[in-house]
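Peer 1: need a 3D model of the following:
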Amino acid sequence: MNLKMNVTIEKIQQVLDRKGFKFFDNHNSYNLNIIGVRSNSVMANSFDDWLYLVFRDEEMAMQMHCFSITTDPGTYWLEHPMNVNGTAVLVPGQYRGSHMLGKHRGKYDALVQAKPVKVYRDNNGDNVLDFSGPIEEGLFGLNIHRSSATGSSQVVEKWSAGCQVFQNVSEYNFFIETCKQAVALYGNSFTYTLLEEKDFN
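Peer 2: Numbers count the residues shown, from 1 in each chain. As a prediction, this is how the structure comes out:
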């Protein structure tokens, strides 16, 4: 299933409505919907997920941009968890006001976690993602950031220990510049919504 071909703004709105999540549209520009979609694959280390950015532009026309990301940790962190309970895997849901514009590890502009989110803990050390088990809620530093500072990264590895990570730096730069436009209008607070590919089937 190629979500870039099949997902429309209307379908996203339908899925959000079905789940009781908010679609942000005040009929003004740059009121952003930041929506991750996790693919059906349970194999780690690929940028096989998507991030949809939906908003009205300066002419009030609705725009949708699709970017290649990972919503999952890379193999390195699955095999070498930083937390004794296992590596964080974000639980699907809508996290209102969960992120704000800041610096990823103090280095470059990113959306950094500002409010608690829910995670699974994958603790068996293999390359298969576990979307089950006990759920923890808290501040884990799960940011929305890029991988390489140049071009596109081919594998996730150390780029994600549970963050939402862009594969391509040019797409990421467009995303961050759009977020900066939103901050100027609405303040420094962003909602992140994580859906699943099966939600669109």
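Peer 1: any buried residues in the top strand by length along the chain, and which?
Peer 2: Among all segments of the chain classified by DSSP state E, the strand with the greatest residue count is strand 93-104. Using 16 or more other CB atoms under 10 Å as the burial criterion, the residues of strand 93-104 that qualify are Gln94, Tyr95, Ser98, His99, Met100, Leu101, His104. Backbone N, C-alpha and C define where each C-beta goes, glycine included.
Peer 1: centre of the chain to that strand, how far?
Peer 2: Its chain's C-alpha centre lies 10 Å from the corresponding centre of strand 93-104 when counted by CA atoms, centre = their mean, to the nearest Å.
Peer 1: can you map out the helices along the chain?
Peer 2: Taking DSSP state H to define them, one finds helices in the chain at 3-6, 9-19, 75-79, 169-186.
Peer 1: for the last one, which residues meet the burial criterion?
Peer 2: Within helix 169-186, the residues scored as buried using 16+ other CB under 10 Å are Val169, Glu171, Tyr172, Phe175, Ile176, Thr178, Cys179, Ala182.
Peer 1: can I get those in a markdown table with distance to Phe200?
Peer 2: As requested, these are exported to a markdown table (distance: CB to CB, whole Å):
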| residue | distance to Phe200 |
| --- | --- |
| Val169 | 27 |
| Glu171 | 21 |
| Tyr172 | 24 |
| Phe175 | 21 |
| Ile176 | 26 |
| Thr178 | 23 |
| Cys179 | 25 |
| Ala182 | 25 |
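Peer 1: who's in contact with Pro92?
Peer 2: Arg38, Leu194, Leu195, Glu196 (CB atoms under 8 Å, 6 or more residues apart in numbering).
Peer 1: and the second one, how many neighbours?
Peer 2: In other words, Leu194. For Leu194, the count of nearby residues is 21 (other CB atoms under 10 Å).
Peer 1: roughly how far does it sit from Ile69?
Peer 2: Using CB to CB, to the nearest Å, one gets 11 Å for the distance from Leu194 to Ile69.
Peer 1: which neighbours do the two share?
Peer 2: In contact with both Leu194 and Ile69: Gly36, Gln164, using CB under 8 Å, 6+ apart.
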